[in-house]
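> Prediction below, plus the sequence it came from.
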Amino acid sequence: MQSDYAKQGKTPAIVAYITIVGTIIAYFMNNEHKNQFASFHIRQALGINISFYVIGAMVTFFDSWPISSAFYIFIFVLWGFGLITAFKEEQKTVPILGPYFQKWFSSI
């Protein structure tokens, strides 16, 4: 039963990880028939995208390639983890920030 439910929300869940535009498209794809699996991944993707812009703005003040590299690696790991769990039809929060994304964006 859970697997069928996850399969129904798999497409919006994967689309959500394709930049902020994909997250917005996935939100509207999931709006008509709310799927918890898709909503979970939309919240994760939205959090990753917002983190990219907010933390990225702070990183620019350091003007240091080691800090910038660490930032991009961190965001890439979060994005990759989220995308892989969406493909595998799992609901695992991304490391470190994932539980916060679920709490902050609980209305989605």
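Done, it's in.

> rest of the way, CA atoms for contacts and neighbours
OK.

> Quick one: the helices in this protein, in order.
Along the chain, the stretches classed as helices by DSSP state H are 2-15, 19-32, 36-59, 65-87, 98-104.

> what sits up against the last one?
By CA atoms under 8 Å, 6 or more residues apart in numbering, the surrounding residues in contact with helix 98-104 are 40, 43-44, 46-47, 93.

> Quick check: the gap between the residue nearest the centre of the chain and Gln91.
Against the mean C-alpha coordinate of the chain, by CA atoms, centre = their mean, the closest residue is Ala45 at 1.6 Å. Distance, Ala45 to Gln91, using CA to CA, to the nearest Å: 12 Å.

> go on, Val54?
25 Å.

> more neighbours, the two?
Using other CA atoms under 10 Å, the more surrounded residue of Val54 and Gln91 is Gln91, with 16 against 11.

> check contacts around Ile48.
75, 78-79.

> May I ask you to confirm that Phe37 is in contact with Pro12?
No - using CA atoms under 8 Å, Phe37 makes no contact with Pro12, being 9.1 Å away.

> Reformat the helices of the chain as a markdown table; add mean pLDDT.
Formatted as a markdown table, those follow (pLDDT from 0 to 100):
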| stretch | mean pLDDT |
| --- | --- |
| helix 2-15 | 82 |
| helix 19-32 | 92 |
| helix 36-59 | 95 |
| helix 65-87 | 95 |
| helix 98-104 | 94 |
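
> Just the buried positions in stretch 83-93, please.
83, 85-86, 89-93 (16 or more other CA atoms under 10 Å).
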